[in-house]
Each structure stands twice: as structure tokens, then as C-alpha cells.
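1. Give the three-dimensional model of this entry:
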Amino acid sequence: MFLVVTKYLIPKGYRGLTAFPFVFVKYRSDKENMVFINHERIHLRQQLELLVFPFFVLYMLEYFVRLIQYKNRNLAYRNISFEREAYDNESDTSYLKKRRFFSFIQYIKNRTM
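-> Next comes the predicted model:
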């Protein structure tokens, strides 16, 4: 994992972006935020499981499905299965050690955050 601080690649309203093997963060202080970094590490694992490119295709596809479902950008984003897994487990720094392959699948079923 390579941590890169850049305010130019991160969309407005977000603090980070993960594109294997890079984690781009908007604020230098987030490099020390273990919960934030763990969230992004979960995304790295998801990307590896799906061989990176399919991850982004599925991510965007699910985002658009959720956008139609919720008619709200933030709710759509928060309910993407990849994000739900990362948010639910970001505080557990040992999560990746015990995580099963394709764990994000259990988060696909409907549930509003």
C-alpha cells in the first residue's frame, strides 16, 4: 500500500480514494488515522479479490442501482456493499486477518444505513 497525500484527486465531500495499490488522502492527518486507513485497506482487499478493474465496474454499477433506489447520492454511496463492509468493520483493526474472501457479498442485500 502506498499512501499519497493529494487534494486534487479526491472528489469534493470525500477524504480518500483507493486505487490498488495506492491510497490517496486529502489531508496529511489522515495518514495517522488508523480507522480511516483500515477502511481504505478493506477496499484494497476487495479490489484484489476482484482483480481491480471489475471492482470499479461493480462499484459504479451498484452505485447507480442504489441511486435509483434511494434517489439520494449520499444514501446511494453509503449503501454500496463495498462501503457497507468497510464502514461496518473500519474500527476493527484485526478484521482483515479474519475476513473471509468476498465478504462484501453479504452486504448486497437491502438495508439502509
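
2. Thought Ser94 was touching Met34, still the case?
-> No. Met34 lies out of contact with Ser94 (C-beta atoms under 8 Å); the separation is 11.7 Å. Every C-beta, even on glycine, is put in place using the N, C-alpha and C of the backbone.

3. what are the ranges of the helices in this structure?
-> 34-49, 53-70, 73-78, 81-89, 95-98 (DSSP state H).

4. Okay, Val35 and Tyr70: tell me how far apart.
-> According to C-beta to C-beta, to the nearest Å, Val35 and Tyr70 sit 25 Å apart.

5. quick one: which of these two has more around it?
-> Comparing Val35 with Tyr70 by other C-beta atoms under 10 Å, the one with more neighbours is Tyr70, at 15 against 11.

6. how about the closest residue to that one other than its chain neighbours, what does it touch?
-> Spatial nearest neighbour of Tyr70, chain neighbours left out: Ala76 (5.2 Å); criterion: C-beta to C-beta, 6 or more residues apart in numbering. Each residue near Ala76 by C-beta atoms under 8 Å, 6 or more residues apart in numbering is listed here: Tyr63, Phe64, Arg66, Leu67, Gln69, Tyr70.

7. Quick check: of the residues you listed, which lies closest to Thr18?
-> Nearest to Thr18 among these: Tyr63, at 15.0 Å, using C-beta to C-beta.

8. ok, that closest one touching Tyr77?
-> Yes. The pair Tyr63 / Tyr77 is scored as a contact, 6.6 Å apart, by C-beta under 8 Å.

9. low-scoring pLDDT stretches of this structure, where are they?
-> The chain contains residues with pLDDT under 70 at 110-113.

10. Show me which residues of stretch 93-108 are buried.
-> Buried residues in stretch 93-108, defined by neighbour count with 16 or more other C-beta atoms under 10 Å: Tyr95, Arg99, Ser103, Phe104, Tyr107.

11. oh, I was asking about stretch 12-30
-> In stretch 12-30, counting by 16+ other C-beta under 10 Å, buried: Gly16, Leu17, Thr18, Phe20, Val23, Phe24, Val25, Lys26, Asp30.

12. want to throw these into CSV with distance to Pro54?
-> Output for the buried residues of stretch 12-30, formatted as CSV (distance: C-beta to C-beta, whole Å):
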residue, distance to Pro54
Gly16, 21
Leu17, 18
Thr18, 15
Phe20, 12
Val23, 19
Phe24, 20
Val25, 24
Lys26, 26
Asp30, 27
